[in-house]
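Participant: Any chance you can model this:
(chains A and B)
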Amino acid sequence: MIFEGGSFVKGVVLGGAFCMLVTLLGHIKLGHGTKAHHHEHHHIQAPNKEDVLNLSEGERMELSKSIRVYCIILVKPKDLGHWAAVRETWSKHCDKVEFYSSENVKVFDSVALNTNDMWAMMRKAYKITYERYKDEFNWFFLAYPTTFAIIENLKYFLLKKDPSQPFYIGHTVKSGDLEYVHGAGGIVLSIESLRRLSRVLEDSDKCPEQGGMIWKLPEDKQLAICLKYTGVFAENAEDSEGKDVFNTKSVSALIKEAMSTHPQQVVDGCCSDMAITFSGLAPNQMHVMMYGVYRLRPYGHTYNDALVFLPPAGSDND
Amino acid sequence: MGWASGWPMDMVVPIMANDCGGPHRGHQGWSPHCGQQIGVVPTVANNCGGPHHGDEAGVARALFQRVRVLCWVMTGPTTLETKARHVRATWARHCNVAIFMSSQPAPTFPAVGLPVGEGRHQLYWKTIRAFQYIHQHHLEEADWFLKADDDTFLVVANLRWLLAPYPPESPLYFGKRFKPFVGQGYMSGGAGYVLSKEALKRLVAALATGSCGHSSPVEDLALGQCLEKVGVGAGDSRDTGGRETFHPFPPETHLTHKFSPNFWYRSYCYYPVVEVRSVCVSSPPRPGPLSLHPDGP
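Facilitator: Reported below is the predicted structural model:
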């Protein structure tokens, strides 16, 4: 009896282990980094300066006004320091910004999502956003409170892109077959993508609330999977020199890297002149960034930008 | 004193397209120091206050020609490659002339080896020797002579804006003005300070005659005392909005930190300390230090 039971148990164990192995392998990233799969990447570029200059004054005005960005910042009470900094600094440049919090916090206004799980928070935030704002905005920017964003550069980047097309833009990462926008760098969705997303969120087969088979996938990957089902693919945003404009690291971190990879060209090599985001900043660093980006000016240099994107009327920052 | 009226503001040199006209063109380099021939000019790839990707720098270029600034950076053998190197790669390129002053010669950097030791107690000696060296070898190359540390960050274009209305023939110097110890105040060493050509001449002359000496190792204070003695005026470097332009602390501190009521800084500042959270809009000159960490621009 025991002998027979022994083989049965062995069989079960072996079978179970084999099954786990197969599923595990299915999850593991094949290959390292993105260089090997470079040709499969989707890249999307900033507009050409000439294209913009060729527009008439009237067309430029129209364009400046027509791009409206709604910002979603996903926060939790533990992020209060960063939340305060974002609130006081760059988020004032969004046409509208709302802080979607896991729970209500006395100090600041927020939209309470009543869940701590990042994917659940993201789902709810996008759902609420679509319901409330689908007719008011054409672009939706989601960020974490450790991210610093330059909304004017975002608007410039989106200038000639048609929001009725399904755009899903940011700093992309390849994970096996899946290319997704890394949350830390900020996630941009056009209204069309948001529309498709809000539908697929109802589909519990394709886009379940508990994502992932064995263990949970991070929310930015989940988002990519759901969007993929609707035919929306992630695109990596770059400037005219091919530099990333959404960054998942801070300026200091990028400079450190530049110092080791190309020490002769640190500042030029590190980052795009029209960078849109940096991530991993401490609250104080956001204030320093605001000073550096919006206030400090070298006398005698003028920046003849073809367009002006002003922060909303009445916002009392820079 | 007359300097307010004497400076011909309309004397703008017409700038040709890419002609920086900086002193590095055809310049021979320094005269041999300690027997070493240094063929390379101390300025590294001079940027002429130059334009970046599409910004218009015509005015900055004009000022580059008209308000010539020699920057000397106080450094040492141990911080040459960790700190001074980043100064060299960044803002020093915007000076008309940039010279790195160390206690040992480093011809490939390039840095001058002054005949001094290292350490806080040697700071004033280093300063004296540096100014003497510059007076001897580079007097005609600039109108203004700035001292900075190797952890100072300077926006040179804004410095030129500050200095433009003053003739270099006036005995004048600018910096972060402190009030104690010296009647007219003195300039903080850490925040950087800049002397007019006349101020430099008077300083060097006083050192030669013994009228100023190595009175103390506290560089900024001793210098301030000497300059007051020889009739060099302590200028007001605040911008048109009354805001300070020379900063002795890193930007993060100035932008976010609340100084306690007893903090020494409050009693040292010559002008009232104004703490405003969001200071609006561009007020041009903002030379001043940023702690340069190895990862910082």
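
Participant: all contacts plus neighbour counts: C-alpha atoms, from now on.
Facilitator: Noted.

Participant: Could you identify the helix or strand that succeeds the helix-or-strand element of chain A with minimal mean pLDDT?
Facilitator: When each helix and strand of chain A is scored by mean pLDDT, DSSP states H and E, helix A:2-27 comes last, with a mean of 71. The C-terminal neighbour of helix A:2-27 among helices and strands, as given by DSSP states H and E, is strand A:43-45.

Participant: low pLDDT regions in chain B?
Facilitator: Across chain B, the ranges flagged by pLDDT under 70 are B:1-56, B:275-297.

Participant: now the helices for it?
Facilitator: Under the criterion DSSP state H, helices of chain B are mapped to B:3-6, B:58-66, B:85-89, B:123-137, B:156-163, B:197-209, B:219-229, B:251-256, B:264-268.

Participant: Out of these, which is the most enclosed?
Facilitator: When you average the neighbours per residue for each of the helices of chain B (mean count of other CA atoms under 10 Å in any protein chain shown), helix B:156-163 leads with a mean of 24.

Participant: what angle separates that one from helix B:58-66?
Facilitator: 70 degrees (axes from the mean of the first three to the mean of the last three CA atoms, to 10 degrees).

Participant: Strands of the chain, start to end?
Facilitator: Defaulting to chain A. Residue ranges of the strands in chain A, as given by DSSP state E, are A:43-45, A:69-75, A:96-101, A:111-112, A:139-143, A:147-149, A:168-170, A:172-175, A:178-181, A:187-190, A:235-238, A:277-279, A:302-303.

Participant: should've been chain B
Facilitator: Assigned by DSSP E, the strands in chain B fall at B:55-56, B:69-74, B:97-102, B:111-113, B:144-149, B:172-175, B:177-178, B:186-187, B:193-196, B:233-234.

Participant: Check which helices and strands the fifth one is in contact with.
Facilitator: Of the remaining helices and strands, those touching strand B:144-149 by 3 or more CA pairs under 8 Å, 6 or more residues apart in numbering or on different chains; DSSP states H and E are strand B:69-74, strand B:193-196, helix B:197-209.

Participant: Present those as JSON lines; the columns should include distance to B:Ser102.
Facilitator: Shown next, in JSON lines, are the helices and strands packed on strand B:144-149 (distance: least, CA to CA, whole Å):
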{"stretch": "strand B:69-74", "distance to B:Ser102": "7"}
{"stretch": "strand B:193-196", "distance to B:Ser102": "18"}
{"stretch": "helix B:197-209", "distance to B:Ser102": "19"}
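
Participant: closest to chain A out of the ones you listed?
Facilitator: strand B:69-74 (14.9 Å; CA to the nearest CA).

Participant: Could you see whether chain A lies near the closest one?
Facilitator: No - Strand B:69-74 stays clear of chain A (CA under 8 Å from any CA of the partner chain), getting no nearer than 14.9 Å.

Participant: Could you figure out how far that strand is turned away from helix B:123-137?
Facilitator: Angle of strand B:69-74 versus helix B:123-137, following the same axes, to 10 degrees, is 140 degrees.

Participant: so what's whatever residue of the stretch 101-250 of chain A ends up closest to chain B up against?
Facilitator: Nearest residue of the stretch 101-250 of chain A to chain B (CA to the nearest CA) works out as A:Ser250 at 10.8 Å. Listed by CA atoms under 8 Å, 6 or more residues apart in numbering or on different chains, the contact set of A:Ser250 reads A:Phe278, A:Ser279, A:Gly280, A:Leu281.

Participant: List the contacts of residue 194.
Facilitator: Since no chain was named, I'll use chain A. A:Tyr126, A:Tyr130.

Participant: Switch to chain B, please.
Facilitator: Contacts of B:Val194 by CA under 8 Å, 6+ apart are B:Trp144, B:Phe145, B:Leu146, B:Lys147, B:Tyr173, B:Phe174, B:Gly175.

Participant: Equivalent analysis for A:Asp117, please.
Facilitator: Counted by CA under 8 Å, 6+ apart, A:Asp117 has contacts A:Ser102.

Participant: about what we covered before: between the helices of chain B, which one is nearest to chain A?
Facilitator: Short answer: helix B:58-66, nearest of those by CA to the nearest CA, at 4.1 Å.

Participant: can you tell me how far the residue of chain B positioned farthest from its centre sits from A:Val245?
Facilitator: Centroid-distance maximum for chain B: B:Pro261 at 30.1 Å, with CA atoms, centre = their mean. According to CA to CA, to the nearest Å, B:Pro261 and A:Val245 sit 43 Å apart.
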